[in-house]
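> my questions concern the predicted model and sequence given below.
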Amino acid sequence: MYQACYGIIMTSEKITVQSLYTVTDEELMLMSSQNPELRFERNANGTLETMPPTGGISGNREIKAGAYLLNWVENQDLGEVFSSSTGFRLVNTAVRASDAAFVAKGRLPEGWDEEEDKFIDRV
């Protein structure tokens, strides 16, 4: 394993972890699994950010939006729904997690749910 150097920048809005090199998908997944109390996202420049927990009102709205989305997608058989902990790799290499996400049928690669758990490519 490697030893990495990180600088931590704290502001009133967020904590940014700046690495001296670009963090790979595998490293980001490992960091996330080893620190379940933190939510990491990667910017296009390789900078990592931790996402703070939401308050009660925001968390309530997030779960309701996800539940409504899930019910609608499943009732219409439109595709798959993902939670706020799912990382999506964007075209610019950033990895982001939305409050809830929907991917239409046919937009996910065949067997995506049978492979090793990994971030989902923007589709």
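Ah, there it is. Here the structure is a predicted model, which is why all the values come from computation and not from measurement.
> so what's the residue count around Gly87?
Gly87 is flanked by 21 other residues according to other Cβ atoms under 10 Å. For the C-beta atoms, the positions are set from N, CA and C on the backbone; glycine is no exception.
> nearest spatial neighbour of it, chain-adjacent residues omitted?
Phe119 (4.0 Å; Cβ to Cβ, 6 or more residues apart in numbering).
> next, that neighbour: phi, psi?
phi -70, psi 150 (degrees, to the nearest 10).
> pull the contacting residues for it.
Listed by Cβ atoms under 8 Å, 6 or more residues apart in numbering, the contact set of Phe119 reads Asp25, Leu28, Met29, Thr86, Gly87, Phe88, Arg89, Val95.
> these, buried ones only, as a PyMOL selection?
To isolate in PyMOL the members of the contacts of Phe119 that are buried, counting by 16 or more other Cβ atoms under 10 Å, one can use:
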select buried, resi 28+29+86+87+88+89+95
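> can you redo the contacts of Phe119 as TSV with secondary structure and pLDDT?
Shown next, in TSV, are the contacts of Phe119 (DSSP: H, G, I helix; E, B strand; the rest coil; pLDDT from 0 to 100):
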residue	secondary structure	pLDDT
Asp25	helix	88
Leu28	helix	89
Met29	helix	89
Thr86	coil	91
Gly87	coil	91
Phe88	strand	93
Arg89	strand	91
Val95	strand	93
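> tell me the helices in this structure, going along the chain?
Residue ranges of the helices in the chain, as given by DSSP state H, are 25-34, 56-76.
> which one of those lies nearest to Gly106?
helix 56-76 (13.7 Å; Cβ to Cβ).
> C-alpha coordinates for the closest one, PDB please?
Below are the C-alpha coordinates for helix 56-76, written out as PDB (Å, rounded to 0.1, in the frame of the first residue of the first chain):
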ATOM      1  CA  GLY A  56     -33.600  16.700   9.700                       C
ATOM      2  CA  ILE A  57     -35.700  18.600   7.200                       C
ATOM      3  CA  SER A  58     -33.300  18.000   4.300                       C
ATOM      4  CA  GLY A  59     -32.900  14.400   5.100                       C
ATOM      5  CA  ASN A  60     -36.700  14.000   5.300                       C
ATOM      6  CA  ARG A  61     -37.100  15.600   1.900                       C
ATOM      7  CA  GLU A  62     -34.300  13.600   0.400                       C
ATOM      8  CA  ILE A  63     -35.800  10.200   1.400                       C
ATOM      9  CA  LYS A  64     -39.300  11.200   0.300                       C
ATOM     10  CA  ALA A  65     -38.000  12.300  -3.100                       C
ATOM     11  CA  GLY A  66     -36.100   9.000  -3.400                       C
ATOM     12  CA  ALA A  67     -39.200   7.000  -2.400                       C
ATOM     13  CA  TYR A  68     -41.500   8.900  -4.800                       C
ATOM     14  CA  LEU A  69     -38.900   8.400  -7.600                       C
ATOM     15  CA  LEU A  70     -38.500   4.700  -6.800                       C
ATOM     16  CA  ASN A  71     -42.300   4.100  -6.800                       C
ATOM     17  CA  TRP A  72     -42.800   5.900 -10.100                       C
ATOM     18  CA  VAL A  73     -39.900   4.200 -11.900                       C
ATOM     19  CA  GLU A  74     -40.800   0.700 -10.700                       C
ATOM     20  CA  ASN A  75     -44.600   1.200 -11.400                       C
ATOM     21  CA  GLN A  76     -43.800   2.300 -14.900                       C
END
